[in-house]
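[1] A predicted structure for the sequence below; I have some questions about it.
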Amino acid sequence: MNKLDSNRIEEIFPPVLFLMLGAFITIFYFAVHGDNLVSSDSAADLILARVLCRDGGFLSKNWFYSTELLTFDTQFIFKPCYALFPNDWHKARLLAHSILMVIYLASMIWMIKVSKIGPKGLWAVAMCAFPIGYGYVITMSWSWCYTAYFVLGFLTFGLLFILFRNPDKKIIFIVLLIIVSFFSGMRTIRAIMQINLPVLAAAVLLLLFRHFKGLLRIDGSKIRNIDKPFLKYSIIMLVASLAGYVYNSVFLLRNYHYFSQNDESFWQPFSIHSILKVISDMIASYGWHEKTMILSLEGISSCFALLLGVTTTVSVFLLLFKYTKHLTDNEYIIVLYTFINIIISVFVFAHCDIYAIWHWANLNPFGYLCLAIAVKYLCINFKPLQKMRYGIIFGALIFFVSLSWLIGPYFGPGKMDNDTLIPVINWLEENGYDRGVATFWNSNVTTELSDGRIEMWTVRNIEKMNIYEWLQETSHSKLPDGNIFVLINKKEYETLGPEIEDYIVYQCPDFTVLAFGENTDYASIITGSYIGK
């Protein structure tokens, strides 16, 4: 083995080691504590998988989807995993999560390989394998519901980089790019906003840099020879993604049941305060803990997480505005795309009425990529860094921050609501209850944690007992008859009057179970007792 091969292995080994460690920690933690981490949102994936195994296909007309057909693509994984373990939903989910993690990380590694970023890019993949930050943990590490966003994004950039390098094979890869973009559009308008629009904006900027370099005094390092093909491909991608969105929002909406974000999203008043708030959320998304003791493990790790968030954000700006001349075309596109994505996301998140901090999880992998690119050139330009074992120190830091989330106030053992719900489910099964009604956050999760033995109907609220057409079978459009139990939480119980006391069969501090026999109008009893608070 020559010295070059030895150096390359030495450079690749640490990030690969930490990547494997992160993947193992995430999957092992879910294997041990997964029942505590399941929510009614994520439980819908396995309930839908059961419907699809029963009815056939990968789309169901007997299902109320959420917004657009968001669970369509992941059912290629969840359905066969459920078929393997129909009576053990924990194993089915664990297998599905493991497969989705492999697909996610493998697609990112493939993009890094074709982009020629080099071994430093593997550190970004390693960071994505660890559970870091509230938003990233709940959308990826525990539920993998954003997997399609990431995979489609990585495939998009990988295909673009191949097209730039192999123009003689462009027909094949353009067709693949169109297919990927079409599916991106089917993933809702958010995928277009965070993949296709920033790519088009980056291509337009590159073209403007070339045509107005004299007038704007553009640095020559920002002028790239790929501006025209990049613009052409980005327009093709946008058209294909819009076609996918139209197909989803117009044609599929006629045959399947789901809410369209066209009808759900509204602009809010323009606000500088909101802009600063979502920027703070973006930086905090890299692992900041709130409401923790300053000198606790979580409190100390928050300082490192804040440093990670600030460093990652700053690296994007430094690479784009100061060290552009060092970047290859592919690296420049990734950095420019990330910068534009940040600008678009800040504006939209600050002024859209549908926003949560976990929406920033979509940007974390590209933030890590920019950080890895910055480290790469720091090591080239500053010779002392080449001799430092920065990788081991960096990996230890990743492990420390992720550890704080595993044992911290959000996801540590005993910290989730399911700790108090699981005994209730066990009691229901022991006493022969198999059909029930509950509001959303207590409904689907009860079905999953009972391995499907308890079938639940979801109502929008207890005071009206109206069916919620969201993530449940369409056959549940009416309340069930017969021997039924109603599961209510502490807050819901406090809104009901004494009329329900005769129907209580189980009660604990957090939950109450009401049981009703045949021919009992339980909906009228419950709604009639509503006193409101």
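    Structure's in. What do you need? Numbering: from 1, shown residues only.
[2] can we go C-alpha only for contacts and neighbour counts from here?
    Noted.
[3] Residue 65 should be in a strand, yeah?
    Yes. Counting by DSSP: H, G, I helix; E, B strand; the rest coil, residue 65 is found in a strand.
[4] my guess is it meets residue 468, correct?
    No. Applying Cα atoms under 8 Å as the test, residue 65 and residue 468 come out as separate, 11.3 Å apart.
[5] ok, these two, which is more surrounded?
    More crowded of residue 65 and residue 468, by other Cα atoms under 10 Å: residue 65, with 24 against 18.
[6] Contact partners for residue 511?
    421, 424, 487-490 (Cα atoms under 8 Å, 6 or more residues apart in numbering).
[7] what residue ranges in the stretch 351-500 of the chain score low on pLDDT?
    Where the stretch 351-500 of the chain drops to pLDDT under 70, the residues are 381-391, 408-417.
[8] repeat that for 90
    351-363, 374-420, 463, 469-471, 481-482, 496-499 (pLDDT under 90).
[9] For the contacts of residue 511, work out which two are farthest apart.
    424 and 490 (13.2 Å; Cα to Cα).
[10] what about those two, which has more around it?
    residue 424 (21 against 13).
[11] Tell me if that one really is in a strand.
    No. Checked against three-state DSSP, residue 424 lies outside a strand; its state is helix.
[12] Can you tell me, leaving aside adjacent residues, what's nearest to it?
    residue 511 (7.7 Å; Cα to Cα, 6 or more residues apart in numbering).
[13] Check residue 441 too.
    In space, residue 441 is closest to residue 40, 5.3 Å off (Cα to Cα, 6+ apart).
[14] how far away is the one you found from residue 304?
    Look at residue 40 and residue 304: by Cα to Cα, to the nearest Å, they are 33 Å apart.
[15] before we move on, what about residue 110?
    Taking Cα to Cα, one finds residue 110 at 29 Å from residue 304.
[16] quick one, which of these two is more surrounded?
    Shown here are residue 110 and residue 304; by other Cα under 10 Å, residue 304 has more neighbours (19 against 13).
[17] Is that one in contact with residue 401, as I believe?
    Yes. Residue 304 is within contact range of residue 401, at 7.3 Å (criterion: Cα under 8 Å).
[18] Three-state assignment for residue 131, please.
    Residue 131 - assigned by three-state DSSP - is coil.
[19] Contact partners for it?
    Neighbours of residue 131 in contact, by Cα under 8 Å, 6+ apart: 22, 26, 137, 141, 402, 405-406.
[20] what do you get if the cut-off is 10 Å, keeping everything else the same?
    22-23, 25-26, 29, 137-138, 140-142, 287, 398-399, 401-406 (Cα atoms under 10 Å, 6 or more residues apart in numbering).
[21] And residue 366, by the same measure?
    108, 124-125, 128, 150, 153-154, 312, 316, 334-335, 337-339, 341, 372.
[22] What is the nearest of those to residue 499?
    Of these, the one sitting nearest to residue 499 (Cα to Cα) turns out to be residue 150, at 50.8 Å.
[23] Measure how buried the closest one is and give me the count.
    22.
[24] For the host helix or strand of it, buried residues please.
    Under the criterion of DSSP states H and E, residue 150 resides in helix 147-165. Residues of helix 147-165 classed as buried by neighbour count (16 or more other Cα atoms under 10 Å): 147-164.
[25] Give me the domain ranges for this structure.
    7-406, 418-528 (automatic domain parsing).
[26] Same list (the contacts of residue 511) but as CSV, adding secondary structure and distance to residue 351.
    Converted to CSV, the contacts of residue 511 look like this (DSSP: H, G, I helix; E, B strand; the rest coil; distance: Cα to Cα, whole Å):
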residue, secondary structure, distance to residue 351
421, helix, 36
424, helix, 41
487, strand, 37
488, strand, 35
489, strand, 33
490, helix, 34
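[27] will you turn these into TSV that also has distance to residue 256?
    Formatted as TSV, the contacts of residue 511 follow (distance: Cα to Cα, whole Å):
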residue	distance to residue 256
421	32
424	34
487	29
488	30
489	32
490	35
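[28] Check which helices and strands the strand or helix carrying residue 108 is in contact with.
    Taking DSSP H and E as the definition, one finds residue 108 inside helix 89-115. For helix 89-115, the packing partners by 3 or more Cα pairs under 10 Å, 6 or more residues apart in numbering; DSSP states H and E come out as helix 3-37, helix 40-55, helix 75-84, helix 121-129, helix 147-165, helix 329-351, helix 364-381, helix 440-449.
[29] Check which residues of it are buried.
    Neighbour count says helix 89-115 has 89-98, 100-101, 103-105, 107-109, 111-112, 114-115 buried, by 16+ other Cα under 10 Å.
[30] Give me the mean pLDDT for it.
    Averaging pLDDT along helix 89-115 yields 95.
[31] In which helix or strand does residue 456 reside?
    Counting by DSSP H and E, residue 456 is part of strand 455-459.
[32] which helices and strands sit right next to that strand?
    Contacts defined by 3+ Cα pairs under 10 Å, 6+ apart place strand 455-459 against strand 435-439, helix 440-449, strand 484-489.
[33] Show residues contacting the first one.
    What it means is strand 435-439. Contacts of strand 435-439 with the rest of the structure, by Cα under 10 Å, 6+ apart, involve 40, 428, 443-444, 446-447, 453-462, 465-468, 479-489, 492, 513-515.
[34] Okay, now the sheet partners of that strand, with direction.
    strand 455-459 (parallel), strand 484-489 (parallel) (DSSP bridges).
[35] now the angle between helix 440-449 and it, please.
    Angle of strand 435-439 versus helix 440-449, following axes from the mean of the first three to the mean of the last three Cα atoms, to 10 degrees, is 140 degrees.
[36] centre of the chain versus strand 435-439, how much separation?
    The chain centre lies 28 Å from the centre of strand 435-439; the measure is Cα atoms, centre = their mean, to the nearest Å.
[37] Begin at 805, not 1, for the rest of this chat.
    Sure, I'll start counting at 805 from here, so that last one is strand 1239-1243.
[38] now the angle from it to helix 844-859?
    Using the same axes, to 10 degrees: strand 1239-1243 against helix 844-859 is 140 degrees.
[39] backbone phi and psi for residue 1073, please?
    Here is the backbone geometry of residue 1073 (degrees, to the nearest 10): phi -60, psi 140.
[40] could you list every residue that touches the residue nearest to it when sequence neighbours are not counted?
    Residue nearest to residue 1073 in three dimensions, not counting chain neighbours: residue 1155, with 6.6 Å by Cα to Cα, 6+ apart. Residues near residue 1155 by Cα under 10 Å, 6+ apart: 1070-1076, 1078-1079, 1082, 1149.
[41] among the residues you listed, which are in helices?
    With helices taken from DSSP state H, the overlap with the contacts of residue 1155 comprises 1076, 1078-1079, 1082, 1149.
[42] before we move on, the earlier item: overlap in contacts of residue 1108 and residue 1205?
    Common neighbours of residue 1108 and residue 1205 (Cα under 10 Å, 6+ apart) are 1090-1092, 1102.
[43] Pull the most distant pair out of the residues you listed.
    Farthest apart among the shared contacts of residue 1108 and residue 1205 - using Cα to Cα - are 1090 and 1102, which lie 13.2 Å from each other.
[44] so what sits against both of the two?
    Contacts common to residue 1090 and residue 1102, judged by Cα under 10 Å, 6+ apart, are 1108-1109, 1205.
[45] Out of those, the closest to residue 985 would be?
    Residue 985 has its nearest neighbour among the shared contacts of residue 1090 and residue 1102 in residue 1109, at 33.6 Å by Cα to Cα.
[46] ok so that closest one is a helix residue?
    Yes. Under three-state DSSP, residue 1109 sits within a helix.
[47] Could you report the separation of it from residue 1135?
    25 Å.
[48] neighbour count winner among these two?
    residue 1109 (27 against 21).
[49] quick one, what contacts the nearest residue to residue 932 once chain neighbours are set aside?
    Excluding the flanking residues, the one nearest residue 932 by Cα to Cα, 6+ apart is residue 1169, at 6.3 Å. Neighbour list for residue 1169: 912, 928-932, 940, 954, 958, 1142, 1175 [criterion: Cα under 10 Å, 6+ apart].
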